[in-house]
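**Q** take a look and give me a structure for this.
(chains A and B)
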Amino acid sequence: MQVSITVNGQQRTDEVEPRLLLAHYLRDTCGLTATNIGCDSTSCGACTVVVDGLSVKSCTVLAAQTDGSQVTTLEGLAGPDGEMHPMQAAFRAEHGLQCGFCTPGMVMAAIGVLADNPDPSDREVREGLEGNLCRCTGYHNIVRAVQTAAKSGPAAGQVPQSQEERA
Amino acid sequence: MSILGTRVVRTEDPLFLTRGAVYTDDLADERLAGALHATFVRSTVAHGRVLSVDTSAALEAPGVVAVITADDLADLAPIPPGFPFVNAGFTRDWLAKDVVRFVGDPVAVVLTEQRYQGEDAAEMVAVDIDPLPAVVGTAAARAEDVLLYPDVGTNVYAAFGEPAPEDFFAGCEVVVSRPVVNQRVAPAPLETRAASAVWGEDGRVTIWCSNQGAQMVQMEIAAWLGLDISKVHVITPDVGGGFGAKIGADPEFALIAQAAKIAGRPVRWSESRSENLVGMVHGRAQDHVVTIGGRRDGTVEAYSIEIDQDAGAHPRFAVVLPTLTMLMTSGVYAFPKVHAQARVLATNTTSTAAYRGAGRPEATLSVERAMDLFAAEIGMDPAEVRRKNLIPPFDSPHTTPMGATYDTGDYVTALDKVLEAVGYQELRAEQARRREAGDVRQLGIGLSVYVEITGAGGEAGAPSEDASVEIHPDGTATILTGTSPHGQGHATSWAMIASDQLGIPLEKITVLHGDTDLVPKGGGTMGSRSLQQGGAAVHQAAGELVELARKRAAEKLEANPEDLVVDQALAGLAVRGTPGVGVTFAELAGDERLLVQSTFSAAAPTFPFGAHAVVVEVDTESGKAEVLRLVAVDDAGTILNPLLADGQRHGGFAQGVAQALLEEVLYDEDGNPTTSTLADYPFISATELPSFELVEMATPTPMNPLGAKGIGEAGTIGSTPATQNAVIDAVAHLGVRHIDMPTTPMRVWRAIQQAGQAAGQGGN
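**A** Model prediction:
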């Protein structure tokens, strides 16, 4: 079947199997491999992306379900000049990543946490990220990164607007 | 000012955060164009005779190119046990031929054009297995009613030590003895295992795989496949966590290489999580009997552990794990008499191997539990009992009764610091208040004081490591290292070490690792060895490079070499007293290649130490424990980059708390795994942890010029017993002396009920 999806601001049309997961569509069809797959039970959140403003686990969504949607992955966050999104910058400043595998999903989920609550407490960040697993950091610096990002302003809780909308 | 010791953010991060790291399954290498996808067919039976493997239906399925079974691998010798002291009869077939020995044992490999086709076709391989009784747990293994390898005649892979003399505890006023379980856990790095392989026309195979040390992987695969080592090229892409479970090669990696040979095309494989949780090695899995004896004044006189290591269906690194446990039996304590012995046992479960700490957490957990049991028995405060038995501070080597020679240590100070930071007396007062009031939510305070061994030789060879540093004519530098980072940040740290000596800024230094063509020698990253050996090798190479440059600069400048000093701002050498006047390293590299390769050898391993205090609240009605605080003193010698060292500590704490509170790999009595997805395995999440409180302490080691000890595993070693002790402490006033890990609500609740019943009976 044919799907038309706007991925990181670029509209594309692809022929896909109806059963193709969005995670595999992004990785294999679009070649956007930042989005990782860490489990097969919607538990780990490594595959989290933003679809139409909501953070979702892309292993649990069919590519077909996002026909006509705007999908943003980690690769779509930095500005055109390469300037990091406030959440990316905060993860670096606070050492919120080690092996980097959970990071793309964690960053996208963290943006979702701030979209819902721009000034979360330590506990609220932890609850917001409960569905995103990390084996390296003990979550300590991830929580700090999200709070550092929150202090930087409202952009930390938003994905960049699509090129279409910008125009 | 030196960059060393400062909080430098990682040079790795911009790419990791904007494009994503490139793991094995992300590779878009042209050599892998047109690669087939491999899907393993694995046994769903823990123990049984293979009657038939019918691939006919699978071969008809869409996209299937081949289905490989044991018959296709007849020219490969079976996998040997890998340890000279293990009976050679404990061999493993590449794909199960006659017998399957655990759920997850590979039976066939399906090669398909596309990934999804492999999932479909693997379901169509019909494997007929006649089940045999399964051996689950060390007690069943010891009983030997069922043998995994009947030809060998025993389930014991290896045994170490002798039984304790009968009078070992004679004369002790108090002796406490009990079993202590160090349960099986899943390392569960977020990136599961993955490998890709392609053969060149020259008969050389290139293998990309997720690992902790390419050179060891290369050596193992070459030996397994009967190839000269020069015919195996291993490349390590970015690695999404290892925690010990990615040490060495897994047989699957060699099978992927062999599959590529059979198919005549490149092959790639990336396992699912449910495959990972049965197929990748597990950790811990030691059952101890702990006995401690001493005087009522708190002096411990004798201590013993008997270890049963559940090593699973095939001998892996667990065969030697108990030797590390035995070495560290008495930990930080000056016990006059110490005994340990171990048996390593075969069971019909996933094989076990190294997991963060690898043998040392098991030693620490038992001795720290023993100290609490002893304290409870004599009615003394656990902090006081510890203080009374600690080895006094020392700055020249201290050898224990088990033969470990500690480099430097000050355990009393570590304990004092953690007690002060946590506010021990105030917490005990609050605990007494809650106990008095009969609060539903009781407070528990758990302590541990630990010492561990890092940078040992062993599987990685001698405690030495290679590095090379080259400065290029454009002023950039390249470091090659035999260590193998998978989250630790060596690209940043090794660049800091070189920059400190050469004046070349971090952004101009590239650190490469994990490609056996580029770095033929290397010990990888494991056993908390990297900084003290790999970092020290970079330090040594950079120093030697300065000397080489000094000779050349002296000729070029017609100066006395002794008058030339490193000018950091110049990134070169200047005549003493005239900064800025001299020659840059880049100019010298333009004249002639400026490269130094160096091997650093440490005199001996190092012994980091520390003390942890964990505060929990336990709901006595539900049994649920919540960690409120985790305060840690971790002394790893001189710290190169506190940002990264703290990160290592944090991750370790989380894995320790996870084992103490939550995580356990479980099997039913037939050997079926019941925790083989992340929906079933309770991988610790952000909500189950507090933010951590770190206390600094740094006692340099003389074993390397950086003064560094290992930090990668200490957090886990200290936090596991402190958390378990805290949970038990919270309900100790109800008569509870011990609860095995994981201290789940059910277990805590049951322990409270049983203690209540026992007290009731005692009253009658």
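
**Q** ok, residue B:603 touching residue B:703?
**A** Yes - counting by C-beta atoms under 8 Å, residue B:603 does reach residue B:703; the two are 5.5 Å apart. C-beta here means a position set from N, CA and C on the backbone, and glycine is covered the same way.

**Q** give the contact list for the residue lying closest to residue A:39 once chain neighbours are set aside.
**A** Leaving aside its sequence neighbours, residue A:39 sits nearest to residue B:273 (C-beta to C-beta, 6 or more residues apart in numbering or on different chains; 3.9 Å). Residue B:273 is in contact with A:38-41, A:43-44, B:192, B:677-678, counting by C-beta atoms under 8 Å, 6 or more residues apart in numbering or on different chains.

**Q** pLDDT at the residue found closest to residue B:91 once you drop the neighbours it is linked to in the chain, what is it?
**A** Once flanking residues are discounted, residue B:91 sits nearest to residue B:78: 4.1 Å by C-beta to C-beta, 6+ apart. On the pLDDT scale, residue B:78 is placed at 97.

**Q** wait, residue B:78 touches residue B:95, no?
**A** No - in this structure residue B:78 lies outside contact range of residue B:95 using C-beta under 8 Å: 10.6 Å.

**Q** which of the two has more neighbours?
**A** Shown here are residue B:78 and residue B:95; by other C-beta atoms under 10 Å in any protein chain shown, residue B:95 has more neighbours (25 against 12).

**Q** go through chain A and flag its longest helix.
**A** helix A:103-116 (DSSP state H).

**Q** in that helix, which residues are buried?
**A** A:103-115 (16 or more other C-beta atoms under 10 Å in any protein chain shown).

**Q** same check on stretch B:407-426?
**A** Under 16+ other C-beta under 10 Å, the buried positions of stretch B:407-426 are B:407-419, B:421-424.

**Q** which ones among these lie within helices?
**A** Going by DSSP H, the helices hold B:411-419, B:421-422, B:424 from the buried residues of stretch B:407-426.

**Q** now these in TSV, with distance to residue B:160 and pLDDT?
**A** Converted to TSV, these look like this (distance: C-beta to C-beta, whole Å; pLDDT from 0 to 100):
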residue	distance to residue B:160	pLDDT
B:411	26	98
B:412	31	98
B:413	33	98
B:414	30	98
B:415	31	98
B:416	35	98
B:417	35	98
B:418	33	98
B:419	36	98
B:421	38	98
B:422	37	98
B:424	38	98
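
**Q** of the residues you listed, closest to chain A?
**A** residue B:421 (16.4 Å; C-beta to the nearest C-beta).

**Q** how many other residues sit next to residue B:28?
**A** Around residue B:28 there are 9 residues (other C-beta under 10 Å).

**Q** if I look at it, how far off is residue A:33?
**A** Plainly put, residue B:28 is 8 Å away from residue A:33 if you go by C-beta to C-beta, to the nearest Å.

**Q** where along chain A do the strands fall?
**A** A:2-7, A:10-15, A:48-51, A:54-57, A:70-72 (DSSP state E).

**Q** confirm residue B:153 sits in a helix?
**A** No - Residue B:153: not assigned to a helix; according to DSSP: H, G, I helix; E, B strand; the rest coil it is coil.

**Q** so it sits right up against residue B:346, yeah?
**A** No - using C-beta under 8 Å, residue B:153 makes no contact with residue B:346, being 11.7 Å away.

**Q** neighbour count winner among those two?
**A** residue B:346 (25 against 11).

**Q** just to revisit the earlier point, name the nearest of the contacts of residue B:273 relative to residue A:19.
**A** residue A:40 (14.2 Å; C-beta to C-beta).

**Q** related to what we said a few turns ago, possible to save the contacts of residue B:273 as TSV with distance to residue A:95?
**A** TSV is the format used below for these (distance: C-beta to C-beta, whole Å):
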residue	distance to residue A:95
A:38	21
A:39	25
A:40	30
A:41	29
A:43	25
A:44	21
B:192	24
B:677	30
B:678	25
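
**Q** buried subset of these?
**A** For the contacts of residue B:273, a neighbour count by 16+ other C-beta under 10 Å gives the buried set as A:38-41, A:43-44, B:192, B:677-678.

**Q** related to what we said a few turns ago, between the ones in helices among the buried residues of stretch B:407-426, which is closest to residue A:149?
**A** Lowest distance from residue A:149 to these (C-beta to C-beta) belongs to residue B:421, with 28.9 Å.

**Q** pretty sure that closest one is touching residue B:693, no?
**A** Yes - with contacts counted by C-beta under 8 Å, residue B:421 reaches residue B:693, the gap being 6.5 Å.

**Q** so what sits against both of these two?
**A** With C-beta under 8 Å, 6+ apart as the test, residue B:421 and residue B:693 both reach residue B:631.

**Q** whichever residue of chain A sits closest to chain B: neighbouring residues, count only.
**A** At 2.7 Å from chain B, residue A:34 is the closest residue in chain A, using C-beta to the nearest C-beta. Residue A:34 has 27 neighbours, counted by other C-beta under 10 Å.

**Q** with residue B:186 instead?
**A** Neighbours of residue B:186 (other C-beta under 10 Å): 27.

**Q** hmm, it is touching residue B:281, no?
**A** No - taking C-beta under 8 Å as the definition, residue B:186 is not a contact partner of residue B:281, at 9.2 Å.

**Q** neighbouring contacts of stretch B:731-749?
**A** Contacts to stretch B:731-749, defined as C-beta under 8 Å, 6+ apart, come from residues B:178, B:180-183, B:365, B:369, B:373, B:376, B:435, B:442, B:444, B:618-620, B:622-625, B:659-664, B:682, B:720, B:723-724, B:727-728, B:751-752, B:755-756, B:758-759.

**Q** show me the helices in chain A, by range?
**A** A:22-24, A:86-93, A:103-116, A:122-128, A:140-151, A:163-166.

**Q** what is the fourth one packed up against?
**A** Packed against helix A:122-128 by the contact rule (3 or more C-beta pairs under 8 Å, 6 or more residues apart in numbering or on different chains; DSSP states H and E) you find helix A:103-116, helix A:140-151.

**Q** CA atoms only: put that helix into PDB for me.
**A** This file holds the C-alpha atoms of helix A:122-128, laid out as PDB (Å, rounded to 0.1, in the frame of the first residue of the first chain):
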ATOM      1  CA  ASP A 122      12.100  15.600  39.800                       C
ATOM      2  CA  ARG A 123       9.300  13.100  40.500                       C
ATOM      3  CA  GLU A 124       7.200  14.300  37.500                       C
ATOM      4  CA  VAL A 125      10.100  13.900  35.100                       C
ATOM      5  CA  ARG A 126      10.600  10.400  36.400                       C
ATOM      6  CA  GLU A 127       7.000   9.500  36.000                       C
ATOM      7  CA  GLY A 128       6.900  11.100  32.500                       C
END
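
**Q** if we look at that helix, which residues are touching it?
**A** Identification of contacts with helix A:122-128 by C-beta under 8 Å, 6+ apart yields A:109-110, A:112-113, A:116-117, A:120, A:139, A:143, A:146-147, B:686-687, B:689, B:691.
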